[in-house]
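*Asks:* mind folding the following:
(chains A, B, C and D)
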2 protein chains.
Amino acid sequence: MRDMEATRREMWEAMGFFPDNCPIRMVLDHVAAKWTLLVLLELQAKPMRFNALGRALPDISKRMLTQTLRDLERDGIVTREVFDTKPPSVEYALTDMGRSLMGPLLGLVDWAERHMDPIRDAQRVYDAA
Amino acid sequence: MRDMEATRREMWEAMGFFPDNCPIRMVLDHVAAKWTLLVLLELQAKPMRFNALGRALPDISKRMLTQTLRDLERDGIVTREVFDTKPPSVEYALTDMGRSLMGPLLGLVDWAERHMDPIRDAQRVYDAA
DNA sequence: CGGGAAAGTCTCATATTGAGACCTATACCC
DNA sequence: GGGTATAGGTCTCAATATGAGACTTTCCCG
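*Replies:* Okay, here's the model as predicted:
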């Protein structure tokens, strides 16, 4: 944002600003990623297999579903368990930490449901102007 | 996701699935957008002008700051007020609806702070394997 | 007179996402 | 036996979104 010559990075560091070290950003970048929330809402209902998640969220691509699940697994929010069936199936489930995230997340969803009408109204007013 | 011939859109509609009509997605797509949360956290502290926000969040581009603020304004979450100074300055502030969003949002931030250590640990374990 | 600040916009360049083919192995249908 | 489907992905290429940074206009400051 700042208009200067040096690289952004150098400037920030000179200012004592390190986005990579900011825990809030680190966590939020994952939680607020495009598909994370929808996937977690599905898994909250019950553990699910890869394709079941895909069917529940028809507008996610396999590519992003894979990536979202891998990120969540890496963060310790979901587990990935392979079953030795033919063909092998893979089940994803929330960890304890994942379940502890659902409280705050459902708070957001609740707000969204409550405010969708006022938001739609605000958008109409804005777009009319 | 589904592998079939017809367009995605047609399939969803045949299945009674309309992502555009889903209030949760509509709201969440905005709230979970890349910069929304950080901007809102700044505005929660106090109303701020455009460049002040830019300085507070040095790694956002003017382009995205503008767009994020416009989206929030359109949703009725922030107000944009132009002051007739020379040169004119513009102040952004939370609306009542915006303030009502901070509760759920701070719940998330709080979770993030609490769990950043376990998450880092989980990542280390995952990356080591 | 030179320079900076205000809040953007505009044009590229780069990064992220989506669409959809492809893969391996098994099992069911007729 | 041949065609088709399932499972859980990966791979490539195209579309979209974001970032970097130049440019704008009007003023005030030294």
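
*Asks:* contacting residues for A:Trp35?
*Replies:* Listed by C-beta atoms under 8 Å, 6 or more residues apart in numbering or on different chains, the contact set of A:Trp35 reads A:57, A:60, A:64-65, A:68. (C-beta placed from N, C-alpha, C; glycine too.)

*Asks:* just among those residues, which is most surrounded?
*Replies:* Sorting those by how many neighbours each has (other C-beta atoms under 10 Å in any protein chain shown) puts A:Thr68 first, at 23 neighbours.

*Asks:* element containing that one?
*Replies:* helix A:62-74 (DSSP states H and E).

*Asks:* okay, angle between the next helix or strand after that helix and helix A:62-74 too, please.
*Replies:* Of the helices and strands lying after helix A:62-74 in sequence (DSSP H and E), the nearest is strand A:78-83. Put simply, strand A:78-83 runs at 110 degrees to helix A:62-74, going by axes from the mean of the first three to the mean of the last three C-alpha atoms, to 10 degrees.

*Asks:* and strand A:78-83, does that touch DNA strand D?
*Replies:* Yes. With C-beta under 7 Å from any atom of the strand as the measure, strand A:78-83 is seen reaching DNA strand D through A:Arg80.

*Asks:* what packs against that strand?
*Replies:* Secondary-structure packing of strand A:78-83 (3 or more C-beta pairs under 8 Å, 6 or more residues apart in numbering or on different chains; DSSP states H and E): helix A:62-74, strand A:89-94.

*Asks:* how about 6 Å then?
*Replies:* strand A:89-94 (3 or more C-beta pairs under 6 Å, 6 or more residues apart in numbering or on different chains; DSSP states H and E).

*Asks:* what helices and strands are in contact with the strand it packs on?
*Replies:* strand A:78-83.

*Asks:* now the strand it packs on, how far from the centre of its chain.
*Replies:* The gap between where strand A:78-83 is centred and where its chain is centred comes out at 19 Å by C-alpha atoms, centre = their mean, to the nearest Å.

*Asks:* can it be found next to DNA strand C?
*Replies:* No. Strand A:78-83 lies apart from DNA strand C when judged by C-beta under 7 Å from any atom of the strand; the minimum separation is 13.4 Å.
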